[in-house]
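A.B. asks: here is my input; please provide its structure:
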Amino acid sequence: MCGIAGFSLSPDSSVDRTLAAQALLAGIAERGADAVGYAHRGDGNVGITKLRGGASALLDELDIPSGSTEALIHVRDFTKGHPGIEGNNHPIRHGSVVGIHNGIIENDDALFVRHNIERAQPQMTVDSEAIFALMELRRHDPRALSEMRGAMAAAWLDERDDTLLYLARGRLRPLWLGRTDDGLYFASTRRALTIVAAALKTRLEVGEVREGRLLHVSAGRVVRRRRFRPDRSYRENGYLPPVRAPREAVSCLERLAALAA
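C.D. replies: Numbering: from 1, shown residues only. As a prediction, the model looks like this:
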């Protein structure tokens, strides 16, 4: 179980990018404390910051430049790929693609072999890399997402195209959207979107992304919707509690209240 969040904004939006990212991070803080990270893009290049620990370790230092139009935010509760290896933590870079993932890809090693793809770094073992490796190779073809067996909600950027943010929901992981006139926010939980709306003093039109959907987002708008068939052979063993790091949530929300004030 991990948490993902982020936004796509119109270039002329007056939203405080850093506060928006801090609110989203606080909103997903409870979903993991093994690692935390974020990425942002405003000039074509994607900047990445990540570290070991929970969201509270990064909340005050988080900084999104005012010209940024997209951001990706992640908290990790790892399953495969030890967080002691930085490359395993999110956001993950594979070539030109930088992404975040909540879930598990069970057949990641087989996909690397099938497509003759090498890991971005030799020591990396994180399963999520398979998503972004195939998206780079297949140019975001939704049929490639059908090859993955597991659970997935993901978001990524591609430095070959500085106009789009990609959002995908496969099986067994939630993905919520919140829309305003000048932006789109996404998160693993509806509650995270409630928190960002309160911090920014705005109203969001909220809805959940359906399974088997790949969305292309540009300047805060969904500009294309594509479908894929998730592999339904995967079954999860046992119940996954949505709250993994409750103290991280309490700490971050208290600090966010002070920052927003």
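A.B. asks: stretch 60-76 - what's its average pLDDT?
C.D. replies: In this model, stretch 60-76 carries a mean pLDDT of 97.
A.B. asks: for whichever strand or helix holds residue 222, which positions count as buried?
C.D. replies: Assigned by DSSP states H and E, residue 222 belongs to strand 221-227. Neighbour-count burial for strand 221-227, counted by 16 or more other Cβ atoms under 10 Å, picks out 222, 226. Any C-beta I mention is one placed from the backbone N, CA and C, and that applies to glycine too.
A.B. asks: ok, it: who's next to it in the sheet?
C.D. replies: Sheet pairing for strand 221-227, assigned by DSSP bridges, gives strand 213-218 (antiparallel).
A.B. asks: CA-only coordinates of the strand it pairs with in CSV, if you can.
C.D. replies: Provided in CSV are the C-alpha atoms of strand 213-218 (Å, rounded to 0.1, in the frame of the first residue of the first chain):
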residue,chain,number,x,y,z
ARG,A,213,-8.7,3.9,-17.9
LEU,A,214,-5.7,5.9,-19.1
LEU,A,215,-6.1,9.6,-19.1
HIS,A,216,-4.1,12.3,-20.9
VAL,A,217,-4.1,15.5,-18.9
SER,A,218,-2.9,18.9,-20.2
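A.B. asks: neighbouring contacts of it?
C.D. replies: Residues outside strand 213-218 that contact it (Cβ atoms under 8 Å, 6 or more residues apart in numbering): 8, 140, 142, 145, 163-169, 184, 209, 222-228.
A.B. asks: weed out the non-buried ones from these.
C.D. replies: Listed as buried from the contacts of strand 213-218 are 8, 140, 142, 145, 164-169, 184, 209, 222, 226, 228; burial here means 16+ other Cβ under 10 Å.
A.B. asks: average pLDDT across the strand holding residue 222?
C.D. replies: Across strand 221-227, the average pLDDT comes to 98.
A.B. asks: next secondary structure after it?
C.D. replies: Past strand 221-227, the next helix or strand by DSSP H and E is helix 246-260.
A.B. asks: mind listing what's buried along that following helix?
C.D. replies: Neighbour counts using 16+ other Cβ under 10 Å place 248-249, 251-253, 255-256, 259-260 of helix 246-260 among the buried residues.
A.B. asks: go on, stretch 8-23?
C.D. replies: Of the residues in stretch 8-23, 8-10, 13, 15-23 count as buried by neighbour count, 16+ other Cβ under 10 Å.
A.B. asks: which parts of the stretch 1-150 of the chain are helices?
C.D. replies: With DSSP state H, counting those that start in this stretch as the criterion, the stretch 1-150 of the chain has helices at 17-28, 108-114, 129-137, 142-145.
A.B. asks: please report the distance of residue 188 from residue 127.
C.D. replies: According to Cβ to Cβ, to the nearest Å, residue 188 and residue 127 sit 17 Å apart.
A.B. asks: now residue 69
C.D. replies: From residue 69 to residue 127 the distance is 29 Å (Cβ to Cβ).
A.B. asks: give me the more crowded residue out of residue 188 and residue 127.
C.D. replies: Applying other Cβ atoms under 10 Å to residue 188 and residue 127 shows that residue 188 carries more neighbours, namely 25 against 22.
A.B. asks: burial check on the closest residue to residue 204 other than its chain neighbours, number of neighbours?
C.D. replies: The shortest distance from residue 204 to any non-neighbouring residue, by Cβ to Cβ, 6 or more residues apart in numbering, is to residue 178 (3.4 Å). Counted with other Cβ under 10 Å, the neighbours of residue 178 add up to 23.
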